[in-house]
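In: My questions are about this predicted structure, shown below with the sequence.
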Amino acid sequence: MLLRKVFLIISLISTSFISGFFFAIYSLDLSNEVNSDLKNVNTTSSDVSVYKYSDRPLNESDIVVDTWGEEAEVKLIKQYVDEFIIAYESTDYSLIPNKSLFFFYKEFERLNIDSLMMQIEYLTSVLPNPAAERLLAIVFEILGSKVPEQALDYALKMRASNDLVWAAIWSILTVWTSEDPFPAYDWYLGYATQSENPLTNPQNLKVEAVILSGLYRADPVYALEKVSEQARNSSLNESTLNFLARQANTSEHYIELINVLTSASNPNLQEKVISDWVAKFPNEATYWISSLSESRKTNRLLKSAFSQWSISSPIDAANWYMSQSTNQDKQEVLLDIASTLSFRDPQLALDWVQEQNVGGGNENVVKQVLQQVSYDQPDFAIQHLKVLKSEQDKLEVSKSIAQSLYSSSPEHAMRFINNSPFSALLIAYVGEADSAQ
């Protein structure tokens, strides 16, 4: 028994030794293979022949910076850039797969600032080329994360199309404002006063918007102070406001932003923020609106809030809007609600309207709903003609149905007309409408 155990131990040791020996030999061969590839790199020539971009991605073992230096690495990457540009030179910009760009993100990240600048100079020299444009955006994004002001200055002076300059600036700013928005804002204050500016006015507005929204994420109080200043001097634009509203993630944030905008000369700015608030937190937003004074709770504001809320909860929105109406405008509000609901769900609109008690005004609203629906869903209007009590109302809706059907299918229209109690009137009406065209 003892001899058997000793023999077993010796066998295990032998096996481990042999396995280790062959693994070492394999590793040495693999290392020699990689080193052989690296020795093919001509560090004094731009012609670098290693692996093709389409054959195998560049691995850490392909580039030994400590051994061959930065120059060899840059030349290896340049070869891959050249192959990429050739491979996609006839491809539409938007059709270049994002997956193919991941490789370059990884490799460009390893370059120093001077090497990144060299990449920009080279890529701009081969323009116009869709692949070069995609790579330029990546290089600028990475350069922007290292030296954003230098990258922006380079992008603004770049000799390229306005669209390409804008893409570079946007790549830099999105990174910079997410990482360190305060110096980005200081840069913007100087940039805004520059006389020479290659960007269009809408692009400049987006620059302001992305920087202030980044500032708002980092320090809402400070950002709102700046927004308040702009609101007072009427320089606050809707793009900035939309960006800021997207950053608000509580009702308290929305209220703070709305209060800042009370000094704005344009009331539409405040309404846009409230509408965005209703979309995110409808119950809290509409409760706040309900508590406003009558002078601030305008019909326009109420209607805007209802329209936004009705997208997610039409009945709740309709009941709330109706509860805010006065006796003088109940009929108008009822018609607004019915018109909005009927676009999404005609049956829901009819059911809701018929449940309301507005002193005999339902009939006219039902007629309006059926007339509106008759243009897009004439068969639905036909099925619900019977809910109308007035013969005159039935005739008017029938005219709308007949005209709608006749424009798309005269045969279908005639079947409806022949079965209608108003057939003679409808034939005359359709004939007049047809001759007028």
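Out: All right, it came through fine. Fair warning: this is a prediction, and the values are worked out from it, not measured in the lab. Numbers count the residues shown, from 1 in each chain.
In: Tell me where the model's unsure across the stretch 301-437 of the chain.
Out: 358-361, 432-437 (pLDDT under 70).
In: where along it do the helices fall?
Out: 314-323, 330-344, 346-355, 362-376, 378-383, 391-408, 410-418, 423-436 (DSSP state H, counting those that start in this stretch).
In: Quick one: the helices in the stretch 51-200 of the chain, in order.
Out: 65-87, 99-108, 113-125, 130-146, 148-156, 162-179, 181-191.
In: of all the ones you listed, which lies closest to residue 349?
Out: When those are compared by Cβ to Cβ, helix 162-179 sits nearest residue 349, at 43.0 Å. To be clear about C-beta, it is placed using only N, CA and C from the backbone, and glycine gets the same treatment.
In: What angle do helix 148-156 and the closest one make with each other?
Out: Orientation check (axes from the mean of the first three to the mean of the last three Cα atoms, to 10 degrees): helix 162-179 against helix 148-156 gives 170 degrees.
In: Going by neighbour count, list what's buried in helix 162-179.
Out: Judged by neighbour count using 16 or more other Cβ atoms under 10 Å, the buried positions of helix 162-179 are 164-173, 175-177.
In: What of stretch 107-127?
Out: For stretch 107-127, by 16+ other Cβ under 10 Å, it's 107-108, 110-111, 115-117, 119-120, 122-124, 126.
In: Stretch 373-384 too?
Out: Those buried within stretch 373-384 under the rule 16+ other Cβ under 10 Å are 373, 374, 377, 378, 380, 381, 382, 384.
In: So residue 293: helix, strand or coil?
Out: At residue 293 the chain is in coil, as set by DSSP: H, G, I helix; E, B strand; the rest coil.
In: should've said residue 297
Out: Of the three states, residue 297 takes coil under three-state DSSP.
In: Provide a list of residues in contact with the residue lying closest to it once chain neighbours are set aside.
Out: Nearest residue to residue 297, sequence neighbours excluded (Cβ to Cβ, 6 or more residues apart in numbering): residue 289, at 6.4 Å. Counting by Cβ atoms under 8 Å, 6 or more residues apart in numbering, residue 289 makes contact with 274, 297, 301, 302, 305, 324.
In: And the pLDDT for residue 289?
Out: You'll see residue 289 listed with a pLDDT of 95.
In: ok, it to residue 253 distance?
Out: 17 Å (Cβ to Cβ, to the nearest Å).
In: Residue 200 now?
Out: 31 Å.
In: one step back: from the buried residues of stretch 373-384, which single one is nearest residue 411?
Out: residue 378 (13.5 Å).
In: Go ahead and confirm the closest one touches residue 405.
Out: Yes - applying Cβ atoms under 8 Å, one finds residue 378 in contact with residue 405, separated by 5.3 Å.
In: Pull up the overlap in contacts between the two.
Out: Both residue 378 and residue 405 are in contact with residue 416, where contact means Cβ under 8 Å, 6+ apart.
In: Now do the contacts for residue 164.
Out: Residues near residue 164 by Cβ under 8 Å, 6+ apart: 127, 133, 136, 158.
In: Residue 290: what's it in contact with?
Out: Contact analysis of residue 290 by Cβ under 8 Å, 6+ apart lists 297, 320, 324.
In: Oh, that last question was meant for residue 423, not what I typed.
Out: residue 417.
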